[in-house]
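Student: model this:
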Amino acid sequence: MEQIKEILNSFKFKGDLESVEPFGSGHINTTYIATYNEDGKERQYILQKVNTNIFKNIDELMDNVFAVTSFLREKIKENGGNPHRETLHYIKTDTGSKYYRCDNGDCYRAYRFVDKSVSYNSVDSAQVFKKSGIAFGRFQKYLSDFPATTLAEIIPNFHNTIWRYENEFIPAVENNLSGRADTCQAEIQFVKDRKEDCSRLVNLIEKGELPIRVTHNDTKLNNVIFDEDTDDAICVIDLDTVMPGLALYDFGDSIRFGANTCAEDEADVSKIKINLEYFKAYAEGFLSECGESFNQCEIDNLAFAAKIMTFECGMRFLTDYINGDTYFKTAYPEHNLVRARNQFALVKDMEDHMTEMEDIIKNIK
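Tutor: From the prediction side, this is the model:
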């Protein structure tokens, strides 16, 4: 912990350091919370060691983060909000750098802790899910006129579903590195039968019908923090994958995660359904904030986006299973196959209810 204290001294924190402790349950970055005393007032800051094995270009990542949060602060002020609570406030080092690099190459960044806030790991009610939709919808609204193409693409082709099909899935099946392809022929065929779906959104981008926007790309519930007193969603966090993309990606992945009746590794696919109540609640919250900034093509494809993001995730699980589990962490040999079957069951149920999902979107005022 002495090394952490030395790193803290490189940031422009106010007050005297009282304590520093490990914080949170993230699996990618290592996080600490530091408490300072400034003339009797407690101030807290987050210090994070960025996983540069995953995020290899930290300069581009931190440029994105600073650009987006600075823009958000101005928008929040314009709308009468509190910029210290409604977006993350990153802090530069005493030399003006956006992060601190140790002699061994480790990279740390810091931001203000949003006090009196809580987060949730699972969707337990339609009301909470709707509030997260409001938060991500507001994120889209405030960034609707941000020049998205000026941001670096942190993970190239992250949601380019046809690219993932042609460059990852098909080679995995053909090479069959693990020898597992014979155990998942039905799942392989499920993916191949939906090849045309993979290019739908990409084609609409190429036609100029879907605009490139700032996207979060990790819209799980635990990336929204809520006010401890009011339980209102106040801030979107974890901005490491902010980059150019489609707003549809963020909406679709939220539904994939939050409106599944089961966890994504539930093995009994008969239990897996799209929760239409949760779908409607999230869509209402999301569109209440950003609906006016979307074009008709975006709105018309929201329900499909939920399906294609779920399909893409299932395809990635299946690809990793065939490759021998080289990307996703697994708890047992068939874990990725179970996950893939789970996502494909949700895709199938969405297909069976697509008309209802589209009608829900159309009827949201």
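Student: from residue 131, how far out is the closest residue to residue 127 other than its chain neighbours?
Tutor: Nearest residue to residue 127 in three dimensions, chain neighbours excluded: residue 281, at 7.1 Å (CB to CB, 6 or more residues apart in numbering). For glycine as for every other residue, the C-beta is placed from the backbone atoms N, C-alpha and C. Note on residue 281: its distance to residue 131, by CB to CB, to the nearest Å, is 9 Å.
Student: more crowded one of those two?
Tutor: Taking other CB atoms under 10 Å, residue 281 and residue 131 do not tie; residue 281 has more neighbours (24 against 21).
Student: the stretch 1-150 of the chain: helices as residue ranges?
Tutor: 2-8, 58-78, 83-86, 126-142 (DSSP state H, counting those that start in this stretch).
Student: next, the angle from the second one to helix 126-142.
Tutor: Taking axes from the mean of the first three to the mean of the last three CA atoms, to 10 degrees, helix 58-78 and helix 126-142 form an angle of 100 degrees between their directions.
Student: which strands and helices sit next to helix 58-78?
Tutor: Contacts defined by 3 or more CB pairs under 8 Å, 6 or more residues apart in numbering; DSSP states H and E place helix 58-78 against helix 83-86, strand 90-91, strand 107-112, helix 126-142.
Student: next: the third one.
Tutor: Applying 3+ CB pairs under 8 Å, 6+ apart, one finds that helix 83-86 makes contact with helix 58-78, strand 233-236.
Student: which strands or helices does the next helix or strand after the shortest one pack on?
Tutor: When you say that, I think you mean strand 233-236. Next helix or strand after strand 233-236 toward the C-terminus (DSSP states H and E): strand 243-245. Here strand 243-245 touches strand 213-215, going by 3+ CB pairs under 8 Å, 6+ apart.
Student: pull up the pairing partners for the strand it packs on, direction included.
Tutor: Strand 213-215 has these partner strands in its sheet, going by DSSP bridges: strand 243-245 (antiparallel).
Student: who are the packing partners of the helix or strand that the strand it pairs with is followed by?
Tutor: Sequence order places helix 247-258 as the next helix or strand after strand 243-245, per DSSP H and E. If you count contacts as 3+ CB pairs under 8 Å, 6+ apart, helix 247-258 packs onto helix 126-142, strand 213-215, helix 276-290, helix 302-323.
Student: go ahead and name everything in contact with the next helix or strand after the longest one.
Tutor: Under the assignment DSSP H and E, the closest C-terminal helix or strand after helix 302-323 is helix 335-352. Applying CB atoms under 8 Å, 6 or more residues apart in numbering, the external contacts of helix 335-352 come out as 180, 183-184, 187, 190, 194, 256, 260, 262, 264-267, 269, 272-274, 303, 306-307, 310-311, 313-315, 317-318, 320-321, 325, 328, 330, 357.
Student: buried ones in helix 335-352, by neighbour count?
Tutor: 335-350 (16 or more other CB atoms under 10 Å).
Student: likewise stretch 260-272?
Tutor: Per 16+ other CB under 10 Å, stretch 260-272 contains these buried residues: 260, 262, 264, 266, 269, 272.
Student: can you check stretch 59-67 too?
Tutor: 61-62, 64-67.
Student: that one - what's its average pLDDT?
Tutor: Averaged across stretch 59-67, the pLDDT comes to 98.
Student: which stretches of the stretch 1-150 of the chain have low pLDDT?
Tutor: The stretch 1-150 of the chain contains residues with pLDDT under 70 at 25, 27.
Student: and if we set it to 80?
Tutor: For the stretch 1-150 of the chain, applying pLDDT under 80 flags the ranges 1, 24-27.
Student: got a list of what residue 266 touches?
Tutor: By CB under 8 Å, 6+ apart, the contact list for residue 266 reads 272, 338, 342.
Student: swap that for residue 295, please
Tutor: Neighbour list for residue 295: 209-211 [criterion: CB under 8 Å, 6+ apart].
Student: tell me the one of these nearest residue 89?
Tutor: residue 211 (28.2 Å; CB to CB).
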